[in-house]
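Participant: Below is the sequence, then the predicted model.
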Amino acid sequence: MSFSSEIKEILCKTQYECPGCRLSELAGFFACAGKNGSDEVRFSVSNKVLSLRICNALKSEFGIFPENDRRRLVIAGNDFKKLYTEISTDVVIYECCKIAYIRGAFLGGGSVNAPDKKYHIEFGVKSDEDAQRLLGVLEEFDFRPKITHRKEKTVVYIKESSQIAELLGYMSNGRAGLEFLSVQVEKELKSSAQRQVNCDSANLEKLAKASSKHIEAIKRIKAAHKWSTLPDVLREIGELRLKNPDLSLEALGKMTEQGIGKSGVNHRLNRIVEYAQNLRKD
Ligand SMILES: [Zn+2]
């Protein structure tokens, strides 16, 4: 299921806050959904949950039962007239109804990108008049939408991530906003984990090479029975290295009694390697 469809399913679970909300949601929906002919509207609904919500609302508000025609729903003739007369009058009065209008518009012709792609939410509105109306309602809630034209629709859109999250929250009593934010957080975690992995695999190779050089040197010194002649601090780091061949210098440093830093560890291990090299010369 696309992210938009997921969000729409969440929106479909939002309760109407007042009797006017359902009508406002229908007004928003039919400002965007499908195509209008001279005496009919044909629209498709992206999923069953949405279809059920719209059909129930149409039945309750107007006693309209849309007909099925090749995977599209059709409202024609008198029903069409009745519907558009009712929803074109100013049904959007209360704040809750204004939000229901926005939600309906999104359900009818909206889409939103998952935040792991670019940030974009849009409403494809069938007439300029309705687009202006939607724009006005959005602005009342301090959103800053923009308008463009695409094919037969006027597109009202927002590209700012914080506004998108807030708008989804408004439309769904918070739930869709949370969904958006959780995907956004997941994206950020993933990309930082990916950076870590890329960085790690390059570093690991370097680390393994250095570690085997240290271990070889330590073993050589031990084999020559000279290990006990080394200063305590060198033996300490050497033993730690032997026991933890995969650990980074930083991590080894933290295990020392003094808690020395990376460069300190590096210095000590290099001294061990030098010692071993001198042994070879002897
Ligand atoms: Zn209301």
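Facilitator: Cool, got the structure. Numbering: from 1, shown residues only.

Participant: the strands in this protein, which residues?
Facilitator: Under the criterion DSSP state E, the chain contains strands at 35-36, 40-43, 67-69, 72-76, 110-112, 121-125, 146-150, 153-158.

Participant: Would you mind listing what in the stretch 51-200 of the chain touches the ion?
Facilitator: Contact residues (C-beta under 5 Å from the ion) of the stretch 51-200 of the chain with the ion: 94, 96, 97. Where C-beta positions appear, they are placed from N, C-alpha and C, glycine not excepted.

Participant: Let's see which of these end up in helices.
Facilitator: Residues of those located in helices (DSSP state H): 96, 97.

Participant: hey, which of the strands of the chain is tucked in deepest?
Facilitator: Greatest average neighbour count among the strands of the chain goes to strand 121-125 (a mean of 24), per mean count of other C-beta atoms under 10 Å.

Participant: So, low pLDDT: which residues of the chain?
Facilitator: 89-91, 188-189, 191-200, 203, 280-282 (pLDDT under 70).

Participant: any idea how it splits into domains?
Facilitator: Per the record, the chain has its domains at 3-173, 205-281, by automatic domain parsing.

Participant: Now tabulate the strands of the chain in CSV and tack on distance to residue 242.
Facilitator: Shown next, in CSV, are the strands of the chain (distance: least, C-beta to C-beta, whole Å):
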stretch, distance to residue 242
strand 35-36, 75
strand 40-43, 72
strand 67-69, 75
strand 72-76, 73
strand 110-112, 56
strand 121-125, 58
strand 146-150, 64
strand 153-158, 59
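
Participant: on that earlier part again, packed most tightly, which of the domains of the chain would that be?
Facilitator: Ranked by mean neighbour count, the domains of the chain are led by domain 3-173 with a mean of 18 (mean count of other C-beta under 10 Å).

Participant: gap between it and the chain center?
Facilitator: Chain-centre distance of domain 3-173: 22 Å, with C-alpha atoms, centre = their mean, to the nearest Å.

Participant: Between the two ends of that domain, how far is it?
Facilitator: Distance between the two ends of domain 3-173: 18 Å, counting by C-alpha to C-alpha, to the nearest Å.

Participant: Packing partners of the helix ranked longest in the chain?
Facilitator: Using DSSP H, we find that the single longest helix of the chain is helix 175-223. Applying 3 or more C-beta pairs under 8 Å, 6 or more residues apart in numbering; DSSP states H and E, one finds that helix 175-223 makes contact with helix 3-11, helix 161-172, helix 232-243, helix 262-281.

Participant: Restricting to C-alpha, output the third one in PDB.
Facilitator: So that's helix 232-243. C-alpha atoms of helix 232-243 as PDB (Å, rounded to 0.1, in the frame of the first residue of the first chain):
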ATOM      1  CA  ASP A 232      53.700  -2.200  32.800                       C
ATOM      2  CA  VAL A 233      51.800   0.200  30.600                       C
ATOM      3  CA  LEU A 234      52.900  -1.500  27.400                       C
ATOM      4  CA  ARG A 235      52.100  -5.000  28.800                       C
ATOM      5  CA  GLU A 236      48.700  -3.700  29.900                       C
ATOM      6  CA  ILE A 237      47.700  -2.500  26.400                       C
ATOM      7  CA  GLY A 238      49.300  -5.500  24.800                       C
ATOM      8  CA  GLU A 239      47.200  -8.000  26.900                       C
ATOM      9  CA  LEU A 240      44.100  -6.000  26.100                       C
ATOM     10  CA  ARG A 241      44.900  -6.100  22.400                       C
ATOM     11  CA  LEU A 242      45.500  -9.900  22.500                       C
ATOM     12  CA  LYS A 243      42.200 -10.500  24.200                       C
END
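
Participant: what does that helix contact?
Facilitator: 211, 214-215, 218, 221, 227-228, 230, 247, 252, 255-258, 265, 268-269, 271-272, 275 (C-beta atoms under 8 Å, 6 or more residues apart in numbering).

Participant: 6 Å - rerun?
Facilitator: Helix 232-243 is touched from outside by 214, 218, 252, 255, 256, 268, 271, 272, with contacts defined as C-beta atoms under 6 Å, 6 or more residues apart in numbering.
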